[in-house]
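**Q** Sequence first, predicted coordinates after that:
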Amino acid sequence: QSSALGADGGEHLACVRAATYCMGTVCEQHQIKAHAIELGCLEAMVAQESNPDIEVKRNVAYFIALVAEQQEYHELIVKRGALNSLVALASLEDVECQEYATFALAHLSSNRDYQVAVVKAGALRPLVAMMSIHAQPRHYAGLALLKLADNFENHLQIAEEGGIQALLRLARSRSTDEELQYKAALTVGHLASNAVQLLPSGAGSGGGGNSTI
């Protein structure tokens, strides 16, 4: 399968689709997943993220989401470029790609060692964008943003990307479960307080600070 993943996406598209789909299916089993990662399948799947075919992209997103479920692979995800792939996949308009990518980002964001790395990779923008609409991945995007907000180093960037407004909407949403609403409300308070202290003098008076929620 790894050789099939190396095939040219245009000439052997059907082969690449099948191989990437099979990788996700067989790696639902933890032992097979571990062996596949040892063989370099994570790198091969990351390489296919640039494939323009949406089915391949969905398969890649699903595979990385499976890998991200286990914290032991988080370092490898960051080192092998899979984090950047997740941000790219989360930024697509395809809901399936968004859901798998935000699921994986939520797991990575729960790992304090990589919370800053997730933000630096550019994950905030697609996460906040997904939270502004009633999309299926909104739940995972909210979880990821809540976890990223646990890290003080991320507070200013979260505020600059509209994260406070997004979390406030989450806290007010009737479709949000009560525990998530409560956490979102608490986080908004902490973020707003810290962001005001971190913002340069006069920055809070701009148009961004008065945006309608």
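**A** Happy to help now that I have it. Because the structure is predicted, anything quoted here is derived from the model rather than measured.
**Q** Could you use CA atoms for every contact and neighbour count after this?
**A** Will do.
**Q** quick one: low-confidence parts of the chain?
**A** For the chain, the stretches with pLDDT under 70 are 1-11, 134-135, 175-176, 192, 195-213.
**Q** just checking, what's the longest helix in it?
**A** Using DSSP state H, we find that the single longest helix of the chain is helix 178-198.
**Q** Could you grab the helix/strand/coil label for the residue nearest the centre of the chain?
**A** For the chain, the residue nearest the mean C-alpha position is Leu105 (3.1 Å; C-alpha atoms, centre = their mean). Following DSSP: H, G, I helix; E, B strand; the rest coil, Leu105 is assigned to helix.
**Q** who's in contact with it?
**A** Ala68, Leu86, Val118, Ala123, Ala141, Ala144 (C-alpha atoms under 8 Å, 6 or more residues apart in numbering).
**Q** where along this protein do the helices fall?
**A** Under DSSP H, the chain gives helices at 2-5, 13-26, 30-38, 41-47, 54-68, 74-79, 82-90, 95-109, 115-120, 124-131, 138-148, 155-160, 163-172, 178-198.
**Q** who does the longest one touch, helix- and strand-wise?
**A** Same thing as helix 178-198. Packing partners of helix 178-198 (3 or more C-alpha pairs under 8 Å, 6 or more residues apart in numbering; DSSP states H and E): helix 138-148, helix 155-160, helix 163-172.
**Q** which outside residues touch that helix?
**A** With contact meaning C-alpha under 8 Å, 6+ apart, helix 178-198 is reached by 143, 146, 149, 155-156, 159, 164, 167-168, 170-173, 204.
**Q** Which members of those residues are classed as buried?
**A** Leu143, Leu146, Ala149, His155, Leu156, Ala159, Ile164, Leu167, Leu168, Leu170, Ala171 (16 or more other C-alpha atoms under 10 Å).
**Q** Identify the residues contacting Ala144.
**A** Thr102, Leu105, Ala106, His107, Ser109, Ser110, Leu127.
**Q** And it, how far from Leu180?
**A** Per C-alpha to C-alpha, to the nearest Å, Ala144 is found 12 Å from Leu180.
**Q** ok, how many other residues are close to Leu145?
**A** A count of nearby residues for Leu145, using other C-alpha atoms under 10 Å, gives 28.
**Q** brain fart, Pro126
**A** Neighbour count for Pro126, taken as other C-alpha under 10 Å: 20.
**Q** just to revisit the earlier point, now the helices and strands packed on helix 178-198 in JSON lines, with distance to Ile64?
**A** Output for these, formatted as JSON lines (distance: least, C-alpha to C-alpha, whole Å):
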{"stretch": "helix 138-148", "distance to Ile64": "15"}
{"stretch": "helix 155-160", "distance to Ile64": "24"}
{"stretch": "helix 163-172", "distance to Ile64": "25"}
